[in-house]
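Asker: build me a model from this:
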Amino acid sequence: MSFQAYLDNIEEKTGKTPNEFISMAKSKGFSKDTKAGEILAWLKEDFDLGRGHGMAIVHIIKNGDEIGDKHVGSTGSHRDESSKLNLEGKKKG
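Answerer: A predicted model of the protein is given here:
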């Protein structure tokens, strides 16, 4: 599954876009320096997200829309079309 597909699945499950998660995290005082475990605990408690989906949210909280280009343009199941993620949500992307 691509990184973008993870974010799209999270949006389907929670009704929240990636940017909404970033905004909520900021309002809770989370930043790039917040430990992943603390963010994961919040995501599990409030949204019932497991570790895999939670780590996708941790990544965007800490790194924004940038991902590595390891799988960009590849043919594998983890391929992404771009090293930039759509954080606006499925309908706006």
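Asker: need the nearest residue in space to residue 17, chain neighbours excluded.
Answerer: By the measure of CB to CB, 6 or more residues apart in numbering, the closest residue to residue 17 outside its immediate chain neighbours is residue 89, 3.4 Å from it. C-betas here are computed from N, CA, C, even on glycine.
Asker: contacting residues for the one you found?
Answerer: Counting by CB atoms under 8 Å, 6 or more residues apart in numbering, residue 89 makes contact with 11, 17, 18, 19, 20.
Asker: ok, and the most crowded of the residues you listed?
Answerer: Using other CB atoms under 10 Å as the neighbour criterion, residue 18 leads these with 27 neighbours.
Asker: per-residue pLDDT, the closest residue to that residue other than its chain neighbours?
Answerer: With sequence-adjacent residues excluded and distances taken as CB to CB, 6+ apart, residue 18 is closest to residue 87, at 4.0 Å. On pLDDT, residue 87 comes in at 94.
Asker: quick one: residue 17 from residue 37, how far?
Answerer: Here residue 17 is placed at a distance of 24 Å from residue 37 (CB to CB, to the nearest Å).
Asker: apologies, that question was intended for residue 86.
Answerer: Using CB to CB, one obtains 27 Å as the distance from residue 86 to residue 37.
Asker: more neighbours: which of the two?
Answerer: Comparing residue 86 with residue 37 by other CB under 10 Å, the one with more neighbours is residue 86, at 17 against 10.
Asker: right, and the more buried one touches residue 7 too?
Answerer: Yes. Assessed by CB atoms under 8 Å, residue 86 is found in contact with residue 7 at 7.5 Å.
Asker: residues contacting stretch 17-25, please?
Answerer: By CB under 8 Å, 6+ apart, stretch 17-25 touches 7, 10-11, 16, 34, 39, 42, 57, 60-61, 64, 85-90, 92.
Asker: any idea which element the residue lying farthest from the centre of the chain lies in?
Answerer: For the chain, the residue at maximal distance from the C-alpha centroid (CA atoms, centre = their mean) is residue 75, at 21.8 Å. Taking DSSP states H and E as the definition, residue 75 sits outside all helices and strands.
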